[in-house]
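S.K.: Sequence and computational prediction follow.
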Amino acid sequence: MKIVSLVFPGFTLIDVAAPMQALSKLPGAEVQYVWKERGLLHSDAGLSVEATHLFDDAAEDANILFVPGAVSR
């Protein structure tokens, strides 16, 4: 099962961490964190997640596409 999560500067950490923790435990789960550049992206809580894939090389046939929220300030 291919699971793709969008990450971006300022994403809400709990929106990514909790669902992706659960989804990553599914049998055969392949998780990708996608942004326009590879590297660390800081969440609204100051913790970072690494973008492992670019838009161009992310799974096109993902079973789940996950998009977290963000708090506007």
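M.R.: That came in fine, so what should we check first? Numbers count the residues shown, from 1 in each chain.

S.K.: Leaving out sequence neighbours, find the closest residue to Thr52.
M.R.: Setting aside the residues directly before and after it, Thr52 is nearest to Tyr33 in space (CB to CB, 6 or more residues apart in numbering), at 5.0 Å. Any C-beta I mention is one placed from the backbone N, CA and C, and that applies to glycine too.

S.K.: Val4 now?
M.R.: Val4's closest residue in space is Ala62 (CB to CB, 6+ apart), at 4.2 Å.

S.K.: wait, the one you found sits on Ile3?
M.R.: Yes - using CB atoms under 8 Å, Ala62 is in contact with Ile3, at 6.7 Å.

S.K.: More neighbours: which of these two?
M.R.: Ile3 (20 against 16; other CB atoms under 10 Å).

S.K.: Contacts only, for that one.
M.R.: Met20, Leu23, Ser24, Leu26, Ala29, Glu30, Val31, Gln32, Ala62, Asn63, Ile64, Phe66 (CB atoms under 8 Å, 6 or more residues apart in numbering).

S.K.: Thanks a lot, see you next time.
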